[in-house]
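> Let's see this in three dimensions:
(one chain, ligands or ions: 1)
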Amino acid sequence: MKLFTIVGARPQFIKAAAVSRAVAEAGGIDEAIIHTGQHYDANMSDIFFDELGIPAPARHLGIGGGSHGAMTGKMLESLEAAMMEDRPDAVLVYGDTNSTLAGALAASKLHIPIVHVEAGLRSFNRKMPEEINRVVADHLSVLLLSPTQTGVDNLKTEGLTKGVHAVGDVMHDATLYAIEQSKTRSTVMSDLELDGKDYAVCTLHRAENTDDVDRFARVIAFIEDQAKTRPVIFPVHPRTRKVMAERGIKPEGVVQIDPLGYFDLHRLLADSSLVLTDSGGLQKEAYFHRKPCITLRDETEWTETVGAGWNRLWTMDDWKSPRVDITDCGDGDAGAKTVAVIKDWFAAQK
Ligand code: UDP
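Predicted coordinates:
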């Protein structure tokens with residue numbers, strides 16, 4: 001079976017690492033990684049391929065930057081050409097980025113079956129580009145692999161029941177791997193002189209925060225408020241760095257650093273006392289580390305983390321009391337289950 005895996009953004013490299021490892025272990029699938037180029041900085045892309053041992057991309061399309069329409073359009077054209085040339089049996093897309101959308105659209109027009117990993121997530125906020133991308137990808141896919149039962153329920157509400165499987169969360173697999181590896185492969189604690197210190201970790205990059213000047217100022221003020229009790233370590237996403245430089249924003253009590261590799265990020269999480277983020281991935285990783293997280297958004301797709309008492313929206317006053325057991329994201333074998341579902345489906349086509 002020839003499988004095209006479309007990736008382009010940081011969270012997709014991390015998810016693909018967990019699944020590609022399982023693909024290699026299972027055998028029988030010839031996987032080609034197609035990198036759209038959406039994220040291109042070395043510390044947003046190459047570092048994840050190196051650290052996580054992701055197979056080198058068979059193709060790198062070099063499409064980064066531009067408006068949503070321009071970027072998606074260019075990706076669509078290049079992905080279509082690649083698919084017409086190589087004729088994969090299926091196309092695997094992850095999550096909710098423009099690369100996901102372009103991969104799903106290109107494949108569907110060529111009648112190539114689509115597998116969507118992280119299907120069924122919903123913020124119910126159609127102003128988010130990510131929400132549009134994930135809804136479209138779900139409705140075009142033949143296999144909808146959801147991390148949670150909530151995802152399965154969301155799909156059912158939209159009439160999607162065929163090909164839906166709850167396989168667990170591939171980010172949980174990735175986190176368990178990173179926790180182990182980061183014990184010996186990270187130097188971040190000594191680099192930042194954090195050993196034995198109390199600190200929070202912050203990431204911020206969503207367009208709904210960065211593109212709205214007033215809202216961004218309020219979010220920064222909220223972070224500064226949190227920084228009064230402990231320093232906030234802030235690996236700054238390139239988009240956010242640009243916005244902060246343009247607007248002359250230098251948050252007090254906040255240690256701004258370059259984006260970190262995956263093992264450093266997890267080492268940092270492991271000893272932190274609070275996470276502040278608008279990232280989908282980091283909300284969950286905080287949860288897997290059992291660290292309290294304040295989500296810098298007005299809604300979240302990861303409602304389980306709020307229900308379990310580890311996450312709250314910045315607009316909420318109180319935490320629920322945290323639950324210690326974490327049972328709603330699989331056992332760290334989501335990658336293996338993903339591959340098993342794909343192989344079963346392919347065998348049934350013959
Ligand atoms: N991440 C990382 N280094 C950083 C910041 C984040 O490795 O400096 C990882 C983080 O652990 C998570 C992923 O990047 O797994 C999240 O990516 P991002 O926030 O860009 O996207 P989202 O999860 O919001 O889609």
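> What parts of the stretch 201-350 of the chain come near the ligand?
The stretch 201-350 of the chain has residues T203, H205, P235, P259, L260, Y262, L265, S279, G280, G281, L282, E285 near the ligand, with proximity defined as Cβ under 6 Å from any ligand atom. Where C-beta positions appear, they are placed from N, C-alpha and C, glycine not excepted.
> Do a quick rundown of the helices in the stretch 101-250 of the chain.
Assigned by DSSP state H, counting those that start in this stretch, the stretch 101-250 of the chain shows helices spanning 129-140, 149-157, 170-185, 188-191, 207-210, 213-226, 238-247.
> send the alpha carbons of the longest one over as CSV?
Meaning helix 170-185. As requested, the backbone C-alpha atoms of helix 170-185 are provided in CSV (Å, rounded to 0.1, in the frame of the first residue of the first chain):
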residue,chain,number,x,y,z
VAL,A,170,-1.3,10.2,19.0
MET,A,171,-0.1,13.3,21.0
HIS,A,172,-0.3,11.1,24.1
ASP,A,173,2.0,8.6,22.4
ALA,A,174,4.3,11.5,21.4
THR,A,175,4.3,12.9,25.0
LEU,A,176,5.1,9.5,26.6
TYR,A,177,8.0,9.1,24.2
ALA,A,178,9.2,12.7,24.8
ILE,A,179,9.0,12.4,28.6
GLU,A,180,11.4,9.4,28.5
GLN,A,181,13.8,10.9,25.9
SER,A,182,13.9,14.3,27.5
LYS,A,183,15.3,12.8,30.7
THR,A,184,18.7,12.3,28.9
ARG,A,185,18.4,14.4,25.7
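> If you count contacts, what does the helix-or-strand element of the chain with minimal mean pLDDT end up packed against?
Within the chain, judged by mean pLDDT, DSSP states H and E, the helix or strand with the poorest mean is helix 303-307; its value is a mean of 91. For helix 303-307, the packing partners by 3 or more Cβ pairs under 8 Å, 6 or more residues apart in numbering; DSSP states H and E come out as helix 280-288, strand 311-313.
> ok, and for it, which residues are buried?
Of all the residues in helix 303-307, those buried under the rule 16 or more other Cβ atoms under 10 Å are E304, T305, V306.
> Distance to C293 for those residues - can I get that in a markdown table?
Compiled in a markdown table, these are given as follows (distance: Cβ to Cβ, whole Å):
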| residue | distance to C293 |
| --- | --- |
| E304 | 12 |
| T305 | 7 |
| V306 | 9 |
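> Which strand residues bridge the residue in the stretch 101-250 of the chain positioned nearest to the ligand?
Across the stretch 101-250 of the chain, no residue is closer to the ligand than P235, which sits at 3.3 Å (Cβ to the nearest ligand atom). Each beta-bridge partner of P235 is listed here: I257, as defined by DSSP bridges.
> my read: it touches L265, true?
Yes - with the criterion set as Cβ atoms under 8 Å, P235 and L265 qualify as a contacting pair; they are 7.1 Å apart.
> and R126, how many neighbours does it have?
A count of neighbours around R126, defined by other Cβ atoms under 10 Å, yields 9.
> again with D191
When neighbours are defined as other Cβ under 10 Å, D191 has 11 of them.
> what about A24, distance to Y40?
A24 sits 25 Å away from Y40, taking Cβ to Cβ, to the nearest Å as the criterion.
> between the two, who's got more neighbours?
Neighbours were counted for A24 and for Y40 using other Cβ under 10 Å; Y40 has more, 17 against 13.
> Could you list which residues are in contact with the more buried one?
Y40 makes contact with G62, G64, according to Cβ atoms under 8 Å, 6 or more residues apart in numbering.
> Kindly recompute the last result at 7 Å.
When contacts are counted by Cβ atoms under 7 Å, 6 or more residues apart in numbering, Y40 is found next to G64.
> Helix or strand: which one has the residue nearest to A56 when sequence neighbours are not counted?
Nearest residue to A56 in three dimensions, chain neighbours excluded: F49, at 6.8 Å (Cβ to Cβ, 6 or more residues apart in numbering). For F49, the enclosing helix or strand under DSSP states H and E is helix 46-52.
> Show me what that helix is packed against.
For helix 46-52, the elements it packs on are helix 10-26, helix 262-270, judged by 3 or more Cβ pairs under 7 Å, 6 or more residues apart in numbering; DSSP states H and E.
> What's the first helix or strand after it?
Per DSSP H and E, helix 46-52 leads on to strand 59-60 as the next helix or strand towards the C-terminus.
> name the helices or strands packed onto whatever helix or strand comes next after that next one?
Later in the chain than strand 59-60, the nearest helix or strand by DSSP H and E is helix 68-86. Here helix 68-86 is seen to pack against strand 30-35, helix 98-109 when contacts are counted using 3+ Cβ pairs under 7 Å, 6+ apart.
> That'll do, ta.
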